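Colleague: Could you look at this predicted model? Sequence included:
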Amino acid sequence: MRITEAARRLGTTPRMLRYRETLGLLPRSRGGHNAQRTYDERDLAAVKLALDLEHRYDVTPAALAFALRALAEPSVAADIRNLGYRTGRLSAPPTQSQIDRDRALRWLGRSGVLPPRPR
């Protein structure tokens, strides 16, 4: 379907659909001989999901697009995680010794905390 029909069915505007496409919230595909954008049911479902996420989490389309970028690009995710550690929004990642200790406890069938080691 053409952009005006897709926008009407979604309760939005053609301009907003184009904006979402530039943000990467829609697959980039062109149809027809004159390279006009055509939309199918999968495209509409993607837009509906994006609208739901934006309303549910009170974020803008640009913020949602950045979240997708962070999921898709490991370096962006690492930078965001680093910011989370520095701001206290994320706890520091476990050290290798903590990971090894947890593995040993699981292997021994213990889920409790070991008493501190004497110094």
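Modeller: The structure has been received and is ready for your questions.

Colleague: Run through this protein and note the low-pLDDT ranges.
Modeller: Scanning the chain for pLDDT under 70 picks out the ranges 29-35, 110-119.

Colleague: so how far is T60 from M16?
Modeller: 12 Å (C-beta to C-beta, to the nearest Å). (Each C-beta comes from the backbone N, C-alpha and C, glycine too.)

Colleague: if you count what's nearby, which of those two comes out ahead?
Modeller: When neighbours are counted by other C-beta atoms under 10 Å, M16 and T60 differ, and M16 comes out ahead with 15 against 10.

Colleague: Flag every buried residue along the helix or strand hosting that one.
Modeller: Taking DSSP states H and E as the criterion, M16 maps to helix 14-23. By neighbour count, with 16 or more other C-beta atoms under 10 Å as the criterion, the buried positions of helix 14-23 are 17, 19-21, 23.

Colleague: With stretch 70-80 instead?
Modeller: Neighbour-count burial for stretch 70-80 flags A70 (criterion: 16+ other C-beta under 10 Å).

Colleague: ok now it, how far from the chain's centre?
Modeller: Between the mean C-alpha point of stretch 70-80 and the mean C-alpha point of its chain there is a distance of 10 Å (C-alpha atoms, centre = their mean, to the nearest Å).

Colleague: List of residues touching it?
Modeller: Stretch 70-80 is contacted by residues R69 when judged by C-beta atoms under 8 Å, 6 or more residues apart in numbering.

Colleague: Quick one: neighbours of R86, just the number.
Modeller: A total of 9 residues lie near R86 under the criterion other C-beta under 10 Å.
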